[in-house]
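1. return atomic coordinates for the entry below.
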Amino acid sequence: MVKYLGSKRRLLGAIVEACAADGARRGTAIDLFSGTARVGMALKAAGWRVISNDHTAFAHVLATAHVQADPERLAERATAHIDAINRLDPAPGYITRTYCEQSRFFHPDNGPRIDAARAYIASLDTDDELRAVLLASLIEAADRVDSTTGVQMAYLKQWAPRAARPLSLRLPEMIARPAAGACRAVRMDALDAASVLSGDVAYLDPPYNQHSYLSNYHIWETLASGDEPEVFGIACKRVDCRTRKSPFNSKRAIGDALRAVLDRLDAGTIVLSFNDEGHLTRDQLEDMLAARGPIAVLEREQDRYVGCKIGIHNPSGRRVGSVGRLRNTELIFVAGRAAARLRDLEPVAA
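-> Have a look, this model is predicted:
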């Protein structure tokens, strides 16, 4: 899995437990903002039929590979292509020019390997599901050799040790199809998805502050899209980062956007992740969820993103300040059928 700001890796147990409290039967779970698909994978492994949604191309690729794809159907074919990609000769192209020469996200030895893999995948006459598995393999391989603190808003002044390792693709983690049925990955705006998808449980992990996932992971968007976009700035971000804005990144717009999504969701239980750095307060969120019935809230303190530990630096790389705090409180709101069963539980241990 890729490094990801806002990853719920350490909260997976609590999230799956909250969903399971909906009832003994494992039915359909909607993951409305799927991101790296960690939660969708955990729910699939727990027996849920998962529908993963996200509006970015890279998140859709990851959800298709990790949630929709079943290893019994795809692992053998994908492995054969991955082995072929790993034997390719380097072939410098757009990634080399943009992210090795114009910027320094990848070592000059790895840019041509990424370009060669991109060209191979683009040339295949195959189905979208297998293509997504191969693109996810490439994104995850590139993530293992990048030179960042985990986001693509900037690259390190000195090469990260991992950047010197040669790019090597491997089969993405896939989970056998659950008894509840085939899982699915869709790519829609959250409001559109909430209007047409239905399930027993809906899990929401929306962006909740100013940090845009498209801007933070613009290189993964380019690898998933297979395009060669115009870029801007020192970080060589895709030019569409300027126009593809989410209301969930706006303090003024997030309240109306989230309320509209909640009003449209057809699910007996809502599980919502947020934290105390978000644009909305706990009281505001509980007010939005009140119409769903009982509400339970699980809390967990954990470290903030790794970049905050490095401090604040000026453009020349000199440290000029430090962040205000190193930990935050993650909140898991549970509303509806599952909430009453969770009210007697102790808060999630740190």
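2. now do the helices in the stretch 201-350 of the chain.
-> Taking DSSP state H, counting those that start in this stretch to define them, one finds helices in the stretch 201-350 of the chain at 213-216, 218-225, 254-264, 282-289, 307-310, 339-342.
3. mind giving me the packing neighbours of the second one?
-> Counting contacts by 3 or more CB pairs under 8 Å, 6 or more residues apart in numbering; DSSP states H and E, helix 218-225 packs against helix 57-63, helix 128-143, strand 237-238. To be clear about C-beta, it is placed using only N, CA and C from the backbone, and glycine gets the same treatment.
4. what do you get if the cut-off is 6 Å, keeping everything else the same?
-> Where contact means 3 or more CB pairs under 6 Å, 6 or more residues apart in numbering; DSSP states H and E, helix 218-225 is packed against helix 57-63, helix 128-143.
5. can you report how many residues neighbour the closest residue to residue 282 other than its chain neighbours?
-> Sequence neighbours aside, residue 331 is the residue nearest to residue 282 in space, at 6.5 Å (criterion: CB to CB, 6 or more residues apart in numbering). The tally of other residues near residue 331 (other CB atoms under 10 Å) stands at 18.
6. so residue 331 sits right up against residue 272, yeah?
-> No. Residue 331 sits out of contact with residue 272 when judged by CB atoms under 6 Å, with a separation of 8.2 Å.
7. for residue 349, give me the pLDDT.
-> Listed pLDDT for residue 349 reads 39.
8. one more: residue 244?
-> Residue 244 is given a pLDDT of 95.
9. can you tell me the closest non-neighbouring residue to it?
-> Closest to residue 244 by CB to CB, 6+ apart is residue 214, at 5.7 Å.
10. over to residue 260?
-> For residue 260, the spatially nearest residue (CB to CB, 6+ apart) is residue 191, at 5.7 Å.
11. now do the SS call for the one you found.
-> helix (DSSP: H, G, I helix; E, B strand; the rest coil).
12. quick one: buried residues of the helix or strand where residue 40 lies?
-> Applying DSSP states H and E as the criterion places residue 40 in helix 38-45. In terms of neighbour count (16 or more other CB atoms under 10 Å), helix 38-45 has its buried residues at 38-44.
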